[in-house]
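Visitor: this is a predicted model, with the sequence first.
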Amino acid sequence: SIDERGCLIVAENIRFNESLSWLCLDHNPLGPMGASLMFKLMDVLGDDRQIYFEDCNFDVKSRTCSFDMVTPQGAYELDLAQPFDRTVAIYLVRTAGNNVVEQFKSCRLEKKSFDVSQLKGKPQDIPYHGKLEFVFSKLSRRGAGEAVTAKTFDRLRGMVNAEGKSEKDRRSIVQGFATTMNLDTGQIGHLMDDMEGSSVRINMLTQLFSTIVDRRQFDVIEAKLLPSELAMLRKELGALYHYNEDNATAHYKLNLARQFDKQLADKILELNNEERQERKDAGMFDTSDQGFFMNFRNETLDGVKFVWNGTWPIPFKGMLEFDYVSTTRPPLGARPMTEEREAEVLSELKRFKSLQDRVGYLRSVANNTYVMSAQVLEFALAFVESVARVEVAVMFHRRVIDLENYLKTLMEGLRNGGVEVEFGEDEVPTIEMDQEINAILGRLGWLNMLNPFDPDVMYRLDLSERDQNLVAQCLVDLAITEPGENWVGETLNGREFELPSTWIKQVPLRGFLEVHYHTDHTSEETIKSKLKRGDNTDTRSRWLKRTLIWQEGMKIEDVGYEGARSDWCNQRAWRLERPRPQRKSVVASLQAIKMMKQFAKVGWVIGTDEDGMTAYTSPKGEMFEDAAEALAHAMETNQEILERAERGEFDTPSPRASDGGQSDNHGRAREKEQVGLQPQLQGDLEAKSVDDILEGTLGKAEHFEETWKKVSFDASSKENEGSESDYGGFERVHSLEYDLPVEDTHGEWPAGGKGHDVEIDRLLSDSIMIESAPPGGSF
């Protein structure tokens, strides 16, 4: 009669019992939570200890168990003398891991403050007596881990397909391991192959959808579905089907009584908690509207406004509506969409007839590329519908590289429906002209778009909102520290007014402020000031650090003004330089390049694109400009080919036009040796291409020594003695001495590459001269 309560006690405490090697829970009413706990424990313990739970009831829920391990956030009062209550505390401490302090708030034991940090990594040290009170916040994101091992999956699959199992039994087993375990698309594909009937297959897929760790490969699953089945899956999952955690910025309307809408709300909250903690740990400013480091805006439950603070538990019913704004920025070295790709997207847009399909297509583009502000404006202006323009600006916010230009680009480009308007000296835009940018700001927030180094835009601020009040403080600060008349057309609650001195100490907490900020460039007072102390860099820098634009390590340079004074208003006297990747990224990226060269033996091509930039082309013709992304794609899609290659079961790929018609001719023996690499990476790739590695980290091309030499093996290397060149002919090669510390270069990577790999191998093991062909060459 072990139910969910008893199962939790067993599952948690067996982790600390090393002597128990065999456990049988057959014929028990474990319930949904008990099933999830046992499946997870089975994967954790592996082959060392055996767990059996045949013919258990996974459907019946315990009436005495109120704990929900899927959504555990909330307030707790636990009697530690009770085994179940103490086990709940153990479970929460264990799952919190190193974030135990951040996840346990207001922790008290017997009404006295309790230092929960002493339990970090030691959940079994929780006291056996006393009343423990705390508020728990879940930080970890579901799906961030790896798929279950092959052995665990085989056992799960065997349980699902066991003889005599009814469809109800199968469904219960699937629901059990769907709660706590992750699967990859290959494993889910095997389960699909085992099941018959559309309704059975779709039910299984909906239950396992949130467990998928490689969502980018979901097209493999979609290919197994009939059109009617795919439509059924999309309808059943609703918004969860389209959710992308790498670009979660969007508007959501969720019916919490629906399983998958509630599931999506939980996933977004987990993402929020993770992003929230990352900003806190990095000492970044809180850009939220209410000051709780929460990325939710415009929240309503059943149409009633509320504030989503860090402790609010998501209910199981009600219509929840909100805007989510991701605070994760593009990785260092991320490259924007090319002009050619931009033209393709704009052309492709014209193929879709319905507004929904056109917006949906752009969303898919936004999920898989990075862009510049000007490109987003072009996409927005491709629509005549105002609501679509707003949606486009919101969906690309997470993917914009030059966020410092986003606000001004969109405000000026979308004003008056995209039709340019000229204003007099003291004229300012009307609120009707800026309806679209006002809607965008309402969804994204001022502090997630504001650039204090380019503040000359129109402001409409509700001073009762925390973030907008801070923006007003910024404008006051700039106005009193910069020369000239900076506030133009200012009104408060619709009435003209002059900035009062009392606002210097405290901006009022109510009222509606409208003002256009104007940086005075050309008055004599301004000229003297600028020549003396620059462009008020200190004040603007201080406020920049309170926005989403700021990144740790960002450099701000005052470059001054040039040319005639009358032209100064069209110049920027500052430059923002984003932080450069750490040197470990150089090593990891070179490892990625080396790995890509192994994939070249099974059909991948390393050459150049139309712009002369290094490009990686898959056997299917898919092109990637980034080594890391190409490598990840290759490892996910070419595993079967690699396994065949290791057995020598393939022919050497023919030369392709994109690599200049050059290919390797060392035969099958060498091909077999080259592909014998583990398909996994160590280190931080940070989306770096070859050009970024050489120019952004080792130095710019003009600092290199330019030589012309025949590309050949290093004759001094014994392993290459007597070998011929991989590629004949002459190529231009840049060289630069670069010193890498040993601890940054050694990793779990196979050595002994041949040909051009010799230079990369040397870099990964010593201080050497790095040689690489510039754009237009081959590797």
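Guide: Right, received. Where do you want to start?
Visitor: so who does the nearest residue to residue 3 once chain neighbours are set aside touch?
Guide: Once flanking residues are discounted, residue 3 sits nearest to residue 62: 4.2 Å by C-beta to C-beta, 6 or more residues apart in numbering. In short, each C-beta sits where N, CA and C put it, glycine included. Residue 62 makes contact with 3-5, 29, 31, 33 under the criterion C-beta atoms under 8 Å, 6 or more residues apart in numbering.
Visitor: mind checking pLDDT for residue 728?
Guide: The per-residue pLDDT reported for residue 728 equals 29.
Visitor: ugh, wrong one, I meant residue 586
Guide: pLDDT for residue 586: 46.
Visitor: closest to residue 435 out of the contacts of residue 62?
Guide: Nearest to residue 435 among the contacts of residue 62, counting by C-beta to C-beta, is residue 33 at 49.3 Å.
Visitor: report the buried residues of the helix or strand containing the closest one.
Guide: In this assignment (DSSP states H and E), residue 33 forms part of helix 31-45. Neighbour counts over helix 31-45 (16 or more other C-beta atoms under 10 Å) mark 31-43, 45 as buried.
Visitor: and if you look at stretch 88-99?
Guide: Buried residues in stretch 88-99 (16+ other C-beta under 10 Å): 88-96, 99.
Visitor: for stretch 153-173, same thing?
Guide: Buried-residue list, stretch 153-173, by 16+ other C-beta under 10 Å: 153, 155-156, 159-160, 169-173.
Visitor: can you check stretch 50-66 too?
Guide: Applying 16+ other C-beta under 10 Å to stretch 50-66 flags 51, 53, 56, 58-59, 62, 65 as buried.
Visitor: now do that stretch, average pLDDT.
Guide: 78.
Visitor: next one: that stretch to chain centre, how far?
Guide: Taking the mean of its C-alpha atoms, stretch 50-66 sits 36 Å from the chain's own mean (C-alpha atoms, centre = their mean, to the nearest Å).
Visitor: going by distance to residue 148, which of the buried residues of stretch 88-99 wins?
Guide: residue 95 (17.7 Å).
Visitor: which ones among the buried residues of stretch 50-66 are found in helices?
Guide: The helices, defined by DSSP state H, take in nothing from the buried residues of stretch 50-66.
Visitor: now the strands for the stretch 501-650 of the chain?
Guide: Per DSSP state E, counting those that start in this stretch, the stretch 501-650 of the chain carries strands over the ranges 512-517, 555-558, 574-577, 605-608, 614-617, 623-624.
Visitor: over to the stretch 101-250 of the chain?
Guide: Under DSSP E, counting those that start in this stretch, the stretch 101-250 of the chain gives strands at 104-109, 112-113, 131-136, 250-255.
Visitor: got the buried residues of stretch 50-66 as TSV, with distance to residue 457 columns?
Guide: Formatted as TSV, the buried residues of stretch 50-66 follow (distance: C-beta to C-beta, whole Å):
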residue	distance to residue 457
51	62
53	62
56	63
58	58
59	58
62	58
65	55
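Visitor: pLDDT below threshold where in the stretch 601-750 of the chain?
Guide: Applying pLDDT under 70 to the stretch 601-750 of the chain flags the ranges 601-603, 606-614, 625-632, 634-750.
Visitor: which residues in the stretch 101-250 of the chain form helices?
Guide: 150-160, 167-178, 185-194, 198-208, 219-222, 227-237, 239-242 (DSSP state H, counting those that start in this stretch).
Visitor: rewinding a little: now, which of the buried residues of stretch 88-99 sits nearest residue 232?
Guide: Distances from residue 232 to the buried residues of stretch 88-99, taken by C-beta to C-beta, are shortest for residue 95, at 34.3 Å.
Visitor: do you know how far the closest one is from residue 347?
Guide: Distance of residue 95 to residue 347, given as C-beta to C-beta, to the nearest Å: 49 Å.
Visitor: nearest the middle, which residue of this protein would you pick?
Guide: Centroid check for the chain by C-alpha atoms, centre = their mean gives residue 246 as the closest residue, at 3.8 Å.
Visitor: hang on, that one packs against residue 366?
Guide: No - shown here, residue 246 and residue 366 do not form a contact pair, counting by C-beta atoms under 8 Å, at 10.0 Å.
Visitor: okay, and the common contacts of these two?
Guide: residue 398.
Visitor: now residue 7: how far from residue 266?
Guide: 22 Å.
Visitor: so these two - more neighbours on which side?
Guide: residue 7 (26 against 18; other C-beta atoms under 10 Å).
Visitor: got a list of what the more buried one touches?
Guide: Neighbours of residue 7 in contact, by C-beta under 8 Å, 6+ apart: 25, 28, 30-31, 33-34, 37-38.
Visitor: what pLDDT is listed against it?
Guide: Value for residue 7, per-residue pLDDT: 86.
Visitor: and it, that's in a helix?
Guide: Yes - counting by DSSP: H, G, I helix; E, B strand; the rest coil, residue 7 is located in a helix.
Visitor: mind exporting stretch 171-186 as PDB, just the C-alpha atoms?
Guide: The C-alpha trace of stretch 171-186 is given here as PDB (Å, rounded to 0.1, in the frame of the first residue of the first chain):
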ATOM      1  CA  ARG A 171      -0.500   5.900 -21.300                       C
ATOM      2  CA  SER A 172       0.000   5.800 -17.500                       C
ATOM      3  CA  ILE A 173       3.600   4.600 -17.900                       C
ATOM      4  CA  VAL A 174       4.300   7.300 -20.500                       C
ATOM      5  CA  GLN A 175       2.900  10.000 -18.300                       C
ATOM      6  CA  GLY A 176       5.000   8.700 -15.500                       C
ATOM      7  CA  PHE A 177       8.400   9.200 -17.100                       C
ATOM      8  CA  ALA A 178       7.300  12.300 -19.000                       C
ATOM      9  CA  THR A 179       7.200  14.200 -15.700                       C
ATOM     10  CA  THR A 180      10.800  14.000 -14.800                       C
ATOM     11  CA  MET A 181      12.900  12.400 -17.600                       C
ATOM     12  CA  ASN A 182      14.200  13.800 -20.900                       C
ATOM     13  CA  LEU A 183      14.200  12.100 -24.300                       C
ATOM     14  CA  ASP A 184      15.600  12.900 -27.700                       C
ATOM     15  CA  THR A 185      13.800  12.800 -31.000                       C
ATOM     16  CA  GLY A 186      15.300   9.400 -31.900                       C
END
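Visitor: backbone dihedrals for the residue nearest to residue 3, please?
Guide: The phi/psi pair for residue 62 (degrees, to the nearest 10) reads phi -80, psi 130.
Visitor: ok, residue 296 next?
Guide: The phi/psi pair for residue 296 (degrees, to the nearest 10) is phi -90, psi 140.
Visitor: what ranges does the stretch 301-450 of the chain have for its helices?
Guide: Using DSSP H, counting those that start in this stretch, helices in the stretch 301-450 of the chain cover 339-349, 355-366, 373-381, 386-395, 406-414, 435-444.
Visitor: any chance of these in JSON lines with mean neighbour count, distance to residue 312 and mean pLDDT as columns?
Guide: What follows is those, written out as JSON lines (neighbours: other C-beta atoms under 10 Å; distance: least, C-beta to C-beta, whole Å; pLDDT from 0 to 100):
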{"stretch": "helix 339-349", "mean neighbour count": "14", "distance to residue 312": "39", "mean pLDDT": "94"}
{"stretch": "helix 355-366", "mean neighbour count": "17", "distance to residue 312": "28", "mean pLDDT": "93"}
{"stretch": "helix 373-381", "mean neighbour count": "20", "distance to residue 312": "33", "mean pLDDT": "97"}
{"stretch": "helix 386-395", "mean neighbour count": "21", "distance to residue 312": "24", "mean pLDDT": "97"}
{"stretch": "helix 406-414", "mean neighbour count": "22", "distance to residue 312": "30", "mean pLDDT": "96"}
{"stretch": "helix 435-444", "mean neighbour count": "21", "distance to residue 312": "20", "mean pLDDT": "96"}
